[in-house]
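**Student:** return a 3D structure for these sequence lines:
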Amino acid sequence: MHKAGFVNIVGNPNVGKSTLMNRLVGEKISIITSKSQTTRHRIKGIVNTDDYQIVFSDTPGVVKPSYKMQEYMLEFSKSALVDADIILYVTDVVENIEKNLDFIDKVNKSDIPVLLVINKIDLTTQEKLEALFDKWKSLIPQAEIFPLSATENFNVDNLYKRIVELLPEGEPFFPKDELTDLPSRFFVNEIIREKILQYYDKEVPYSVEVEVEEFKEDDKRINIMAVIYVERSSQKGIIIGSQGEALKKVGTQARLDIEAFFGKKVFLNLYVKVLKDWRNKDSELKNFGYANK
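**Tutor:** Predicted structure coming up:
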């Protein structure tokens, strides 16, 4: 008997969805920063054994959209409630439980098994955790609740075992040697964007999109040319920095992570271009992969 299924991870921003995804997959698939809305796409990570295949799907944090890109991001999250075999709803011990009750209502209307994760339990007391447990049980009565800490890897194993138990019987959806269904260029984009989220403040990181224009690989080296798009000329200056020092720092740190990811030497060239108001233009958003073209 072989099992296979889709486990879709949903929840509000900054609750640790990407950290949990990486723990469950055993590889760094999703980028992680302390900033909200780090994840913009649905990102699949595939776990294979002889007996089962689990296709985990990380999704953007649920937000009330302020511009078109966030509308597309919300659609990624909503679609995850429809095409899952198991819904992994992630919350934590500090977020406002009443936030996005309309999304919780959609979870309740689904007939898909729900595993509710209360993350970051290392940041609270037993008494407060029990109160949270009761509150969530009243909000999503059908959910099985798993208190855990993804960063400390506490109780993640028990969640994983339950996921395997709930998987339906079936043949694998992807070849057994695949870790993800996404192309190499996507992960280069994400690694560069992660460094920008880490090194720049305020609105600048959220106005950035990255696109790999050239990816040439041989046995020993990968040559990459990537463009960092911003919405305004002032943002371009901030990204580049005085005498190009800021961009150089981003490029150096991104190159090291890309080399670790692919296991070979990387030559990385970064350029910065202005693409005005790209977050509100359907044509640009489609080009960047936020909707089916």
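**Student:** point out where the chain drops to low pLDDT.
**Tutor:** Scanning the chain for pLDDT under 70 picks out the ranges 31-37, 292-293.
**Student:** switch to 50 and redo it
**Tutor:** Residue ranges of the chain with pLDDT under 50: 293.
**Student:** which residue lies farthest from the center of it?
**Tutor:** Gln243 (33.0 Å; C-alpha atoms, centre = their mean).
**Student:** where does that residue land in three-state SS?
**Tutor:** helix (DSSP: H, G, I helix; E, B strand; the rest coil).
**Student:** how near is it to Tyr199?
**Tutor:** From Gln243 across to Tyr199, the span is 16 Å (C-beta to C-beta, to the nearest Å). (Each C-beta comes from the backbone N, C-alpha and C, glycine too.)
**Student:** next: Glu231.
**Tutor:** 18 Å.
**Student:** repeat for Glu213
**Tutor:** Distance, Glu213 to Tyr199, using C-beta to C-beta: 22 Å.
**Student:** OK, contacts around the closest residue in space to Asp177 that isn't next to it in sequence?
**Tutor:** Leaving aside its sequence neighbours, Asp177 sits nearest to Asn48 (C-beta to C-beta, 6 or more residues apart in numbering; 7.5 Å). Residues near Asn48 by C-beta atoms under 8 Å, 6 or more residues apart in numbering: 172, 176-178.
**Student:** break down the stretch 1-150 of the chain into its helices, ranges please.
**Tutor:** With DSSP state H, counting those that start in this stretch as the criterion, the stretch 1-150 of the chain has helices at 17-25, 68-79, 101-109, 126-139.
**Student:** any idea where the helices of the stretch 151-293 of the chain begin and end?
**Tutor:** Assigned by DSSP H, counting those that start in this stretch, the helices in the stretch 151-293 of the chain fall at 156-166, 184-199, 233-240, 245-262, 282-287.
**Student:** I'd like those helices written out as JSON lines, with distance to Ala143 added.
**Tutor:** Output for those, formatted as JSON lines (distance: least, C-beta to C-beta, whole Å):
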{"stretch": "helix 156-166", "distance to Ala143": "12"}
{"stretch": "helix 184-199", "distance to Ala143": "30"}
{"stretch": "helix 233-240", "distance to Ala143": "42"}
{"stretch": "helix 245-262", "distance to Ala143": "35"}
{"stretch": "helix 282-287", "distance to Ala143": "33"}
